[in-house]
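Participant: Fold the following and give me the result.
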Amino acid sequence: MTQANGLPPAQTTPVAGLPAVLSALHDPVRLEMVRRLANAHGPVRCAALYDAINKSTATHHFKILREAGLIERTTIDGQTFQRLRTEELAVALPGLLPAVVDAANRAAAD
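Facilitator: Predicted structure coming up:
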């Protein structure tokens, strides 16, 4: 987690192996969260990443994505944002994220 309030950033979870990342992306809600983050090209407020679920369910999904190393939580001016760890994913699992996001974008367009 990165914080803009002068505290040092918390240690970030490394990107998990392929099975754990694919397992995290298997859920349609989490896949949509990652799709929205990828299309935003930067941090996004948490509430903008989900629609038809409550806050506690969204928190659960964010936790799974963080544990897989896909996202990190960032606090900017007291607001909580999620950031897709694009660079880290490209190093750990080259080509996976663009392929998954492209497929998710095509599916969302249908």
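Participant: Strands along the protein, start to end?
Facilitator: Along the chain, counting by DSSP state E, strands occupy 2-3, 44-45, 71-76, 79-84.
Participant: can I assume residue 25 is in contact with residue 35?
Facilitator: No. Here residue 25 does not reach residue 35: they are 9.7 Å apart, not a contact under C-beta atoms under 8 Å. Every residue, glycine included, has its C-beta placed from N, CA and C.
Participant: okay, the strands of the chain in a markdown table with mean pLDDT, mean neighbour count and distance to residue 60 next?
Facilitator: Formatted as a markdown table, those follow (pLDDT from 0 to 100; neighbours: other C-beta atoms under 10 Å; distance: least, C-beta to C-beta, whole Å):
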| stretch | mean pLDDT | mean neighbour count | distance to residue 60 |
| --- | --- | --- | --- |
| strand 2-3 | 46 | 14 | 22 |
| strand 44-45 | 96 | 16 | 18 |
| strand 71-76 | 94 | 19 | 13 |
| strand 79-84 | 96 | 19 | 14 |
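Participant: so which of those gets nearest residue 102?
Facilitator: Nearest to residue 102 among the strands of the chain is strand 79-84; the distance by C-beta to C-beta comes to 14.4 Å.
Participant: Return the list of helices and strands in contact with that closest one.
Facilitator: Where contact means 3 or more C-beta pairs under 8 Å, 6 or more residues apart in numbering; DSSP states H and E, strand 79-84 is packed against helix 28-40, strand 44-45, strand 71-76.
Participant: how about these, which one is nearest residue 104?
Facilitator: Among the helices and strands packed on strand 79-84, helix 28-40 comes nearest to residue 104, with 4.2 Å by C-beta to C-beta.
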